[in-house]
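1. sequence first, predicted coordinates after that:
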Amino acid sequence: MVAKNYGRFGIPIDGQWSLKDLYKLPRAFEQVYFALDAILPSFDEEAEDRVSRAFRAFPWQGGYSAVNFYNQLKYATPRNEQPRIASIQYASPGWIELTLYLSNALALCFVVNRVSGSIERCNRAYNAIITDLMRRKLLKVELERAEVGLARDEVQLIREYAEQMAEILSLSSAEDIHIRTRNPLISLKILLSIYRRVKILADYQIKGKADFSRKPDE
């Protein structure tokens, strides 16, 4: 496991920004940061228990589950270890400087760069999965059915889709998430949710409004 070194990390920004941008990018960054950190098991038993509860606490039948999920991941992280703004400069170019765990920032940047570099392929895969889940009426399936009532071929398909999304997000596999959720459909919905937030960051990079291509120590 990569050592967690705490320090400052600057995100170069450019172009025309609105107040909405100042909310949208930091929020997506924070959510992806906490999600990627939470996927790997923690050596802190108390933190591990709080994080594991977040993966099993919500039915994932609507948007409120995602909001609560990311909030719980945030609350599972001690306040003094959460990303904080160190400085902001809005110029051409400018920056948003954060204090955070640099290893987590490096992992996030790697994912964003991978997605932004193959955004059309990633979007096609995501859209195909969403379309098929909608056709099968699995996006709104109740948690009880997801746990005991899915057909064997549905479970296998869901696991395959989860592996596709894990690959897009540069994860070794979806197994770490399956262990936490104990439910492959919930795992898939979480992976799809993380991708939507990574895509927000990738879109900022593609449009030249933010740069995640530099390593934290540069």
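-> The structure has been received and is ready for your questions.

2. now do the strands in the chain.
-> Using DSSP state E, the strands of the chain run over residues 6-13, 84-89, 94-101.

3. nearest to Ile194, of these?
-> Proximity of the strands of the chain to Ile194 was assessed by CB to CB; the nearest stretch is strand 94-101, lying at 17.7 Å. All C-beta atoms are positioned from the backbone trio N, CA, C, and that covers glycine.

4. how about the closest one: buried residues?
-> Neighbour-count burial for strand 94-101, counted by 16 or more other CB atoms under 10 Å, picks out 95-96, 98-101.

5. can you list the helices and strands that it packs against?
-> Under the contact criterion of 3 or more CB pairs under 8 Å, 6 or more residues apart in numbering; DSSP states H and E, strand 94-101 touches strand 6-13, helix 19-39, strand 84-89.

6. only alpha carbons, please: show the longest one as CSV.
-> Which is helix 19-39. The C-alpha trace of helix 19-39 is given here as CSV (Å, rounded to 0.1, in the frame of the first residue of the first chain):
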residue,chain,number,x,y,z
LEU,A,19,-19.7,30.5,-9.2
LYS,A,20,-21.2,27.1,-10.2
ASP,A,21,-17.7,25.9,-11.3
LEU,A,22,-16.3,26.8,-7.9
TYR,A,23,-18.9,24.5,-6.3
LYS,A,24,-19.0,21.8,-9.0
LEU,A,25,-15.3,20.9,-9.4
PRO,A,26,-14.4,20.9,-5.7
ARG,A,27,-17.4,18.8,-4.8
ALA,A,28,-16.7,16.2,-7.5
PHE,A,29,-13.0,16.1,-6.5
GLU,A,30,-13.8,15.6,-2.9
GLN,A,31,-16.3,12.8,-3.6
VAL,A,32,-14.0,10.9,-5.9
TYR,A,33,-11.1,11.4,-3.4
PHE,A,34,-13.1,9.9,-0.6
ALA,A,35,-14.5,7.1,-2.8
LEU,A,36,-11.1,5.9,-4.1
ASP,A,37,-9.6,6.1,-0.6
ALA,A,38,-12.5,4.0,0.8
ILE,A,39,-12.3,1.2,-1.7
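
7. what's the mean pLDDT across that helix?
-> For helix 19-39, the per-residue pLDDT values average out at 95.

8. over to the last one?
-> Across strand 84-89, the average pLDDT comes to 95.
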